[in-house]
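A.B. asks: Prediction below, plus the sequence it came from.
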Amino acid sequence: MLVSQLLLSFVVLGGWLVAGLVWEPTSAGWGARVELDLRAPLGAECAAALVELFRARHLLVFSGQDFSLEEQIRFMGYLGPVLHEEGSGIGFVSNVKEGAALGVSELSFHSDTGHCAVPLEAVSLFAEDVEGCVTSTRFANVAAAYGRLPEGLRSRVASLVCENAMPVSLDGRNVGVSVAEGVPRAEHPVVWRHPVSGEPGLMVNANQTTRIVGLEDAESRELLEELFSVMYAEDAVYEHSWRQGDVVVWHNLAVQHARGGLEGNGRRTLRRVALGEKGFWEQCPTLRYADFKNQQNTAEDKATA
């Protein structure tokens with residue numbers, strides 16, 4: 001490891017230089033690519049350093065892994081409370097695996113369960129079966145995006161509230177969409193703060209945000225588009241091309257994610273373990289699983305039409 005990287009590790013980790021925890025920034029300049037075997041239990045110092053690195057960088061990438069679901073759960077447990085709810089907590093995202101989520105649908109930028117009162121804390125995906133470098137996931141650091149907002153815009157959104165709702169369109173923007181009665185939705189401050197560090201970020205997203213509460217429709221749309229132009233600027237997005245054995249872990253609110261459609265793009269099965277206090281089905285008990293599957297199938301029909 002280069003001396004400069006050692007010094008950077010020293011600064012970011014508050015003075016810890018832990019043997020075995022070697023990392024470098026991703027190609028986007030934020031996040032971290034980490035050299036670590038995730039199959040083995042971590043020592044106390046290494047686990048603590050990993051927590052600090054995750055808190056500082058928001059996204060971690062590991063390559064060449066081959067570990068079980070139990071080992072993935074144990075690893076995520078170092079970073080927070082594992083959510084054991086089927087689907088939103090533990091499950092699969094796949095375009096080939098029967099019963100897995102999302103199929104071939106394109107997804108616009110979002111935070112998982114961002115339309116619930118208690119969104120997930122973090123998400124991990126393990127590339128269990130993928131065709132190398134054929135498909136990708138894009139990640140936007142919306143904590144950093146807040147810092148890039150002009151001062152006047154930061155002041156303007158400081159006290160505003162947004163409505164996030166279960167999306168009508170998975171692949172586009174849902175700004176201005178009328179939300180039907182019974183559809184899961186939640187109001188959140190536009191400016192979110194990390195519960196430990198206090199770092200600010202943005203809770204609005206392209207996939208789930210319908211409006212800024214209290215603003216006229218035109219003003220709400222204009223403001224959201226202005227925010228999105230900063231949040232999703234191409235030079236601020238990290239695109240991860242999946243290879244067999246990759247693991248990506250990200251903070252679900254500091255970082256938003258999106259993907260292109262997967263029709264004809266090769267097989268992709270990612271195993272998911274998430275962190276959080278409450279899952280989607282616990283917070284939306286009146287929504288039937290069949291309703292979710294119907295929405296998903298409709299989106300897939302549109303993608304393949």
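C.D. replies: That came through fine.

A.B. asks: Start from the N-terminal end of the stretch 51-200 of the chain and give the helices.
C.D. replies: Applying DSSP state H, counting those that start in this stretch to the stretch 51-200 of the chain gives helices spanning 69-77, 142-148, 151-157.

A.B. asks: Please identify the most buried of these.
C.D. replies: Most buried of the helices of the stretch 51-200 of the chain, by mean neighbour count (mean count of other CB atoms under 10 Å): helix 142-148, with a mean of 19. Heads up, the C-betas are built off the backbone N, CA and C, glycines and all.

A.B. asks: Not counting its own residues, what contacts it?
C.D. replies: The contact list for helix 142-148, computed with CB atoms under 8 Å, 6 or more residues apart in numbering, reads 30, 58, 154, 191, 194, 199-202, 205, 230-231, 233, 236, 251, 253-256.

A.B. asks: rewinding a little: okay if I get the helices of the stretch 51-200 of the chain as TSV plus distance to Gly182?
C.D. replies: Formatted as TSV, the helices of the stretch 51-200 of the chain follow (distance: least, CB to CB, whole Å):
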stretch	distance to Gly182
helix 69-77	32
helix 142-148	29
helix 151-157	29
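
A.B. asks: now those as JSON lines including mean pLDDT and distance to Gly91?
C.D. replies: Formatted as JSON lines, these follow (pLDDT from 0 to 100; distance: least, CB to CB, whole Å):
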{"stretch": "helix 69-77", "mean pLDDT": "97", "distance to Gly91": "10"}
{"stretch": "helix 142-148", "mean pLDDT": "95", "distance to Gly91": "24"}
{"stretch": "helix 151-157", "mean pLDDT": "96", "distance to Gly91": "34"}
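
A.B. asks: right, and those - which one's nearest Asp171?
C.D. replies: Across the helices of the stretch 51-200 of the chain, Asp171 has its closest neighbour in helix 142-148 (19.3 Å, CB to CB).

A.B. asks: Quick one: distance of the closest one to the chain centre.
C.D. replies: 15 Å (CA atoms, centre = their mean, to the nearest Å).

A.B. asks: cool, stretch 214-224 as well?
C.D. replies: What separates the centre of stretch 214-224 from the centre of its chain is 25 Å, taken as CA atoms, centre = their mean.

A.B. asks: Would you mark the buried spots in that stretch?
C.D. replies: Neighbour counts using 16 or more other CB atoms under 10 Å place Leu215, Ser220, Arg221, Leu223, Leu224 of stretch 214-224 among the buried residues.

A.B. asks: Which residue ranges of the stretch 1-150 of the chain form strands?
C.D. replies: Ranges of strands in the stretch 1-150 of the chain, per DSSP state E, counting those that start in this stretch, are 22-24, 32-35, 59-62, 90-94, 101-102, 107-110, 122-130, 136-141.

A.B. asks: Would you mind checking which of those strands scores lowest on average pLDDT?
C.D. replies: Set side by side, those differ in mean pLDDT, and strand 101-102 is lowest with a mean of 76.

A.B. asks: Low-confidence regions, this protein specifically.
C.D. replies: Residue ranges of the chain with pLDDT under 70: 1-20, 288-305.

A.B. asks: thinking again about what came up before, of all the buried residues of stretch 214-224, which comes closest to Val104?
C.D. replies: Closest to Val104 out of the buried residues of stretch 214-224 is Leu224 (27.5 Å), distances taken as CB to CB.

A.B. asks: which residues touch the closest one?
C.D. replies: Contacts here follow CB under 8 Å, 6+ apart; on that basis Leu224 touches Val175, Val204, Thr209, Arg211, Ile212.

A.B. asks: which ones among those residues are found in strands?
C.D. replies: Thr209, Arg211, Ile212 (DSSP state E).

A.B. asks: burial measure for the nearest residue to Leu59 once chain neighbours are set aside, as a count.
C.D. replies: Nearest residue to Leu59, sequence neighbours excluded (CB to CB, 6 or more residues apart in numbering): Gly31, at 3.6 Å. Neighbours of Gly31 under the rule other CB atoms under 10 Å: 24.

A.B. asks: Ok, Glu226 next?
C.D. replies: 15.

A.B. asks: residue contacts, the residue nearest to Tyr232 when sequence neighbours are not counted?
C.D. replies: Of all residues not flanking Tyr232 in the chain, Ala140 sits nearest, at 5.5 Å (CB to CB, 6+ apart). Under the criterion of CB under 8 Å, 6+ apart, the neighbours of Ala140 are Phe109, Met231, Tyr232, Ala236, Val237, Val255, Gln256, His257, Ala258.
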